[in-house]
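1. Sequence and predicted structure below; questions after.
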Amino acid sequence: MTFAPTTPTTVNDLAWLGEHAASRLPRDLQLTADGPLVATIDAEVARLRTLAAGAPGSLAVRDLPSARNEGTDAAPLDELARAGAEAYALRTRGEHLELIGAGDRGLLYGFYAVTLGLTGATGGEWRIHAPAQSIRMLDHWDNMSVHPVMGQVERGYAGGSLFFDNGELREDLTRVEHYARLLASIGINRVALNNVNVHALEATLLTTRLPQVERLAEIFRAQGISVLLSVSFNAPIVLGGLETSDPLDAEVQDWWSAAADAVYARIPDFGGFVVKADSEGQPGPFACGRDHADGANLLARALAPHRGEVFWRAFVYDHHQDWRDRSTDRARAAHDHFSPLDGRFDDNVIVQVKHGPLDFQTREAVSPVIGAMPRTRLAVELQVTQEYTGQQKHVCYLAPWWSENLSFPFGPEGSPTVAQIVAGTTERPGGVVAVSNVGADEFWTGHPLAQANLFALGRLAWGPGLAPERILEEWIEASFGADPLVGEVLNELMAHSWQLYESYTAPLGVGFMVRPGHHYGPDVDGYEYTPWGTYHFADRDGIGVDRTVATGTGFIGLYPEPWASLYESLETCPDELLLFFHHVPYTHRLHSGKTVIQHIYDSRADGYERVLALRPRWEQLDGRVPAALHERVTTLLQEQERSAEEWRDQLRAYFFRASGIADETGRRIW
């Protein structure tokens, strides 16, 4: 039983690192290595041995110096050394596996690869495994106490915080130990502990509550993970009693340097700061007449003596926009603010850019900021927590969406992809950052099947070219074993669930249409006359946002060719992004042959019917998966049916009333 724990400290609390992992670990294990993470491997072997006897065969685990001393061929060892300290080499010869870690983390990652069944047959040849992204980080949006509006975990759909309770660090951190193990097993190497919206209590993690951060850092360090803090740009005022937070003020600079020194005195491997500034009410350098390079560099210089880094979010826009003003385009905001600053950020600043220009919508274009800052270290930000993709109440496997974004080339065929751009260079690396979907829920992610998104995030950060279908199979096998019916049913439920979710929610890339505030369920006009800049502009004649250069906001012109021309033309703009880029009549005919209005009618109705097919398939697994897990998923599939029906009926009714055009199939519209 891999998932449903009876208490928060049982071994079954370990998701894909339960009994199936134990059964894969060869019975004969020889460990010849030195370093701080070797103790972690020893402890993990002992834990797994309590779950299952293990597989036939043997596993030899060595570090690089030991392998050289034992006379392993120099060529693969030299290649492994060049691949970096997080890399590992594997060789299989029958039932005998050999693992060599280039460094401590590489040794640990290789060990977990064996337990997850990710080795692959090598035919006796060494195979080097190295991460494509140097930075593989999760951002937690945890509050120390329950926020009156957003709860304990902002945009969290899996219960309370793993870390905090009643305003302080939890006394029992056993689940945090389990969580650190889960993250290391999928290659995560950094974790930011608290909400990017830093409230007064959370701000004290930098100062008076720093010992709590130190305790968490000890736990994550044992799995090769460094911790970071989200900090308030106004910390010198809030915590230090200064009158300003001006980045060019000497007292402000001294305050940040002293704060950084104090952190590193207690946590030598502290990762650095995450900052949301001048965004949605969070303070920033604009109030001082400075720009974001000034603000980021202030913190970077305080951290630089300790090799710390600043993750400065590019999610900056006017959230007091006049809805009457169609020339102001929220999608442009990050590009307008940050692209002119390219080359001005210090080397230890990573600008963290959301994968799309709006806000983690079910479908939106790739952010042009990623291709516009070649002299800046970048990280692409994904959202594992399902804010706009069903909130872990709907099945929505997001790896196909992330894969599509990571493989997007900025320019003609052969141009660097998003994944290649953010990877940066050895000297100036970037990477992948994502908002965590984990909480204190017994199934970690609320919806047990949402665990696949956390797993896939780690796998794609390690290897952006991995096929989402294969990653899903890996997760199923790691979590449930080799039952063919379980694999078949879960593939049917999950493989195309992102596209299914899209089919009954906001159409053709227009985005939002959700209830303001909590963002769950349909409300077509919920944001239409608000200051948030998230509009669809539906009227009696048509729908969509004109972002063309010819007649709209000019946003399309921020892309390089061939994308600028492809998106500008109605003849070549992809259907799935049509309403993101264009305002068109309801009678506009898609490449599919349908009109826009008929596509809305058909896809909402058809999507609901497809949702109804999920639960009967899931029922076939009753008795083949843990009972508590089966019950939880059944309940959530019922909610998905209810919600999909509401989406279907509201959108079909709204657009019939707006357009006056009937559904040509004659299906009922309310």
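-> Received it, and whenever you're ready, just let me know what you need.

2. Same question for stretch 112-124: list its buried residues.
-> Buried residues in stretch 112-124, counted by 16 or more other C-beta atoms under 10 Å: 112-119. (Each C-beta comes from the backbone N, C-alpha and C, glycine too.)

3. looking only at pLDDT, what's the mean for it?
-> Throughout stretch 112-124, pLDDT has a mean value of 88.

4. Now do that stretch: distance from first to last residue.
-> In stretch 112-124, first residue to last residue: 20 Å (C-alpha to C-alpha, to the nearest Å).

5. For it, which outside residues touch it?
-> Under the contact criterion C-beta atoms under 8 Å, 6 or more residues apart in numbering, stretch 112-124 has outside partners 16-17, 21-22, 24-26, 44, 48, 59, 88, 90-93, 97, 99, 127, 129, 184-186, 474, 477-478.

6. Can you select the buried ones among these for me in PyMOL?
-> Selecting in PyMOL just the buried members of these, where the criterion is 16+ other C-beta under 10 Å, is done with this command:
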select buried, resi 16+17+21+22+24+25+26+44+48+59+88+90+91+92+97+99+129+184+185+186+474+477+478
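
7. Just to be sure, which of the contacts of stretch 112-124 are found in helices?
-> With DSSP state H as the criterion, helices contain 21-22, 24, 44, 48, 184-185, 474, 477-478 from among the contacts of stretch 112-124.

8. from memory residue 522 sits against residue 515, does it?
-> Yes. Counting by C-beta atoms under 8 Å, residue 522 touches residue 515, with 7.3 Å between them.

9. Which one of these two is surrounded by more residues?
-> When neighbours are counted by other C-beta atoms under 10 Å, residue 522 and residue 515 differ, and residue 522 comes out ahead with 21 against 13.

10. need the contact list for the more buried one.
-> With C-beta under 8 Å, 6+ apart as the criterion, the residues that contact residue 522 are 505, 513-515, 646-647, 650-651.

11. closest to residue 452 among these?
-> When the contacts of residue 522 are ranked by distance to residue 452 (C-beta to C-beta), residue 505 comes first, at 19.8 Å.

12. so how far is residue 605 from that closest one?
-> Using C-beta to C-beta, to the nearest Å, residue 505 is found at 13 Å from residue 605.

13. ok, the two, which is more surrounded?
-> Legend: neighbour count by other C-beta under 10 Å for residue 505 and residue 605, higher for residue 505 (28 against 21).

14. Longest strand in this protein, please.
-> strand 55-63 (DSSP state E).

15. and the helix or strand that comes right after that strand, what other elements does it pack with?
-> On the C-terminal side of strand 55-63, the nearest following helix or strand under DSSP states H and E is helix 64-69. Contact analysis of helix 64-69 by 3 or more C-beta pairs under 8 Å, 6 or more residues apart in numbering; DSSP states H and E lists helix 74-83, strand 96-101 as its packing neighbours.

16. Pick the most deeply packed of these.
-> Mean neighbour counts were compared across those using mean count of other C-beta atoms under 10 Å; the top stretch is strand 96-101, at a mean of 24.

17. Give me the sheet partners of it and which way each runs.
-> Here strand 96-101 has these sheet partners by DSSP bridges: strand 55-63 (parallel), strand 88-93 (antiparallel).

18. quick one, which of those is nearest to residue 74?
-> Residue 74 lies closest, by C-beta to C-beta, to one member of the strands paired with strand 96-101: strand 88-93, at 12.6 Å.

19. and that closest one with helix 74-83, angle?
-> With axes from the mean of the first three to the mean of the last three C-alpha atoms, to 10 degrees as the criterion, the two stretches strand 88-93 and helix 74-83 enclose an angle of 150 degrees.

20. Now do strand 88-93, average pLDDT.
-> 94.
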